[in-house]
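Okay, predicted coordinates and the sequence, questions at the end:
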Amino acid sequence: MQKVKKIPQRKCIACQDRDSKKGLIRIVKNKEGEIFLDPTGKANGRGAYICKSSECLKKAIKSKALNRAFKMEVPDEIYERLLMELENNE
């Protein structure tokens, strides 16, 4: 009998949908306080997951979901950079 591998599930901080880790994009805040998209999903630091759509990122910005996830005030320029990176990946 083959053991079924469990697929790790994560929740989008904007729309609250659950998906596999690979189906979502990880945003990381590292020890230096830098916030960036982590396409590998392996960067050190605190991670928050969102769907791979700019709609969900816009929703997260509006509801200040990243501020709550990282327990800090996230500057607008970081949001703008994340949006640009995400739109380039879509």
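Everything's here; your move.

Name the residues of stretch 15-30 that are buried.
Neighbour counts over stretch 15-30 (16 or more other CB atoms under 10 Å) mark 24, 25, 26, 27, 28, 29 as buried. No exception for glycine: its C-beta is placed from N, CA and C like everyone else's.

Would you agree the fourth one is in contact with residue 81?
No: under the criterion of CB atoms under 8 Å, residue 27 lies out of contact with residue 81, with a separation of 10.9 Å.

any shared contact partners between these two?
Overlap between the contact sets of residue 27 and residue 81, as judged by CB atoms under 8 Å, 6 or more residues apart in numbering, is given by residue 36.

Just the ones in strands from the buried residues of stretch 15-30, please.
Among those, the members falling in strands (DSSP state E) are 24, 25, 26, 27, 28, 29.

and the gap between the second one and residue 76?
Distance, residue 25 to residue 76, by CB to CB, to the nearest Å: 20 Å.

which stretches of the chain have low pLDDT?
Within the chain, the set of residues satisfying pLDDT under 70 comprises 1, 90.

what are the ranges of the helices in the chain?
The residue ranges that make up the helices of the chain, judged by DSSP state H, are 54-62, 65-70, 76-89.
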